[in-house]
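1. Test case, fold it:
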Amino acid sequence: MVSEVNGRRWAYLKRKGFDRGAVLLAATGLILIGSRYGSAYIQDLGLNLGADLLGVLAVLYAIRPFLNRAEARRESVLERFDHKDFITRADDAQRRIEILDSWMALLQGGYQRPFLTSLREALERNVEIRMLLLDPDARAAEQRSDDLLRRTNVVENIMGNLSSLHDFRQGLPENMRHNLDIRVYSTLPPVQMYRADDHMVVSFYPVNMTSSNATQYQTSPQSQLGTFVGSKFEELWDAHSTRSLGQYREIVIKVSPDEAEQLYRTQFVTVERSIYISGHRIAQDHVEHGVAGLPVRVEQSSAKGEIEAANSYLFHTVSPASERYLIVRDLFRAKYGHNRHEVLLQLVEA
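-> Predicted coordinates for the structure are as follows:
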């Protein structure tokens with residue numbers, strides 16, 4: 001139920017909506033103009049922030065009619081996300097479950113076991129499950145950490161979620177895996193969404209607070225708000241920068257020591273936009289001449305398997321005595337949960 005304070009806040013926002021919208025629109029225009037002429041870092045940051053502000057504008061105008069109706073139907077507004085209620089609704093789902101979030105508290109603490117149990121039972125009923133979580137390698141993950149004043153380790157939470165989902169998926173029979181699709185996206189969305197059939201819960205990404213602790217709006221996929229949020233989900237799902245869970249966990253390396261090209265699928269991490277791979281097998285295959293300086297090609301593809309780009313690199317061996325080795329090794333541990341990366345190779349642009 002919406003508190004009296006929340007009621008006054010929304011009344012104020014409705015009165016001031018046009019002025020706030022004009023200010024946000026002007027700020028967005030300035031940021032996008034700056035992103036066109038600034039440095040590479042400023043361009044990336046500007047485009048990301050500009051897209052976020054455009055999303056906020058769209059959400060404000062999409063949700064306003066819903067808020068008006070919610071004032072007369074207050075049971076549609078909750079003070080925070082009800083994890084147990086969503087698990088129950090997942091238990092009852094017959095067609096689809098869809099989740100859009102940075103990371104899920106449902107995969108942590110006491111919620112994890114009943115949630116995964118409900119997902120497995122849903123898959124047994126041939127329910128289609130699609131999940132979108134924030135890519136921990138994306139700058140947007142650092143941006144969200146800043147929003148939370150660095151009090152929450154966003155990257156670690158996402159990595160933990162993705163590791164749990166990988167283990168869960170690996171434990172499923174082959175005939176059940178095709179209905180479970182997990183992807184990671186690279187830009188902050190305007191909303192959080194949890195859907196089970198025709199029940200949808202939507203929230204925002206407030207500053208200084210996780211979205212699950214913010215006000216939640218219960219609606220249906222057919223409502224104006226539900227239609228808007230559903231379209232954002234589909235846009236992110238099909239975005240070129242969105243990766244599958246498999247692509248997040250493994251990279252395909254094509255090594256060309258001579259005319260014969262060798263293909264490797266290996267684990268990797270990203271540090272400051274540099275790619276580091278687990279190179280034990282590659283080093284063994286090239287022990288005679290070594291791996292340093294070997295030409296490498298990496299094809300970047302979308303979650304749908306479409307080739308987006310092909311980049312050329314050279315191998316650089318990371319010294320176990322270096323500080324960088326320790327940083328990369330710890331990231332491998334966080335991402336994969338083990339320490340079997342004696343040989344770490346950096347991909348250096350050719």
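2. alpha carbons only for contacts and neighbour counts from here, please
-> Fine.
3. the domain parsing of this protein - what is it?
-> 4-72, 80-239, 249-349 (automatic domain parsing).
4. Give me the outermost residue of this protein relative to its centroid.
-> residue 288 (41.1 Å; CA atoms, centre = their mean).
5. quick one: it is in a helix?
-> No - using DSSP: H, G, I helix; E, B strand; the rest coil, the assignment for residue 288 is coil, not a helix.
6. roughly how far apart are it and residue 282?
-> 12 Å (CA to CA, to the nearest Å).
7. Could you report the distance from the residue farthest from the centre of the chain to residue 132?
-> 44 Å.
8. again with residue 329
-> To residue 132, residue 329 is 27 Å away according to CA to CA.
9. picking that back up, relative to residue 253, how far out is the residue farthest from the centre of the chain?
-> 20 Å.
10. Show the contacting residues for residue 165.
-> Residue 165 makes no contacts at all, as judged by CA atoms under 8 Å, 6 or more residues apart in numbering.
11. for the stretch 251-350 of the chain, what are the low-confidence residue spans?
-> Flagging of the stretch 251-350 of the chain using pLDDT under 70 yields the residue ranges 257-259, 339-341.
12. Flag the shaky bits of the chain, pLDDT-wise.
-> 1-75, 257-259, 339-341.
13. As a check, name the ranges of all strands in it.
-> Along the chain, counting by DSSP state E, strands occupy 77-78, 96-101, 128-134, 180-185, 192-196, 199-203, 216-219, 243-244, 250-255, 262-271, 274-278, 295-301, 307-317, 344-349.
14. Out of the ones you listed, flag the one nearest residue 157.
-> Set against residue 157 and scored by CA to CA, those come closest in strand 128-134, at 10.3 Å.
15. just checking, what packs against that closest one?
-> Applying 3 or more CA pairs under 8 Å, 6 or more residues apart in numbering; DSSP states H and E, we find strand 128-134 packed against strand 96-101, strand 180-185.
16. what comes into contact with the last one?
-> Same thing as strand 180-185. Counting by CA under 8 Å, 6+ apart, 123, 128-135, 169, 236-237, 239, 241-245, 248, 303 sit against strand 180-185.
17. Pull out the buried residues from these.
-> By neighbour count, with 16 or more other CA atoms under 10 Å, those hold 123, 128-135, 169, 236-237, 241-245, 248, 303 as buried.
18. Can you report how many residues neighbour residue 189?
-> Look at residue 189: counted by other CA atoms under 10 Å, it has 22 neighbours.
19. Please report how far it lies from residue 249.
-> Per CA to CA, residue 189 is found 22 Å from residue 249.
20. ditto for residue 144
-> Residue 144 is 22 Å from residue 249, by CA to CA.
21. So for those two, which residue has more residues nearby?
-> residue 144 (23 against 18).
22. got a list of what the more buried one touches?
-> Contacts of residue 144 (CA under 8 Å, 6+ apart): 154, 188.
23. try 10 Å this time
-> 102, 134, 150, 152-155, 188, 205-208, 210 (CA atoms under 10 Å, 6 or more residues apart in numbering).
24. With residue 122 instead?
-> Contact analysis of residue 122 by CA under 10 Å, 6+ apart lists 90-97, 116, 128-129, 176, 179.
25. got it, and residue 247?
-> 183-184, 267, 300-303, 305.
26. quick one on the thing from earlier: would JSON lines of the strands of the chain with distance to residue 229 be doable?
-> What follows is these, written out as JSON lines (distance: least, CA to CA, whole Å):
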{"stretch": "strand 77-78", "distance to residue 229": "16"}
{"stretch": "strand 96-101", "distance to residue 229": "10"}
{"stretch": "strand 128-134", "distance to residue 229": "13"}
{"stretch": "strand 180-185", "distance to residue 229": "15"}
{"stretch": "strand 192-196", "distance to residue 229": "7"}
{"stretch": "strand 199-203", "distance to residue 229": "8"}
{"stretch": "strand 216-219", "distance to residue 229": "11"}
{"stretch": "strand 243-244", "distance to residue 229": "20"}
{"stretch": "strand 250-255", "distance to residue 229": "30"}
{"stretch": "strand 262-271", "distance to residue 229": "30"}
{"stretch": "strand 274-278", "distance to residue 229": "33"}
{"stretch": "strand 295-301", "distance to residue 229": "26"}
{"stretch": "strand 307-317", "distance to residue 229": "27"}
{"stretch": "strand 344-349", "distance to residue 229": "38"}
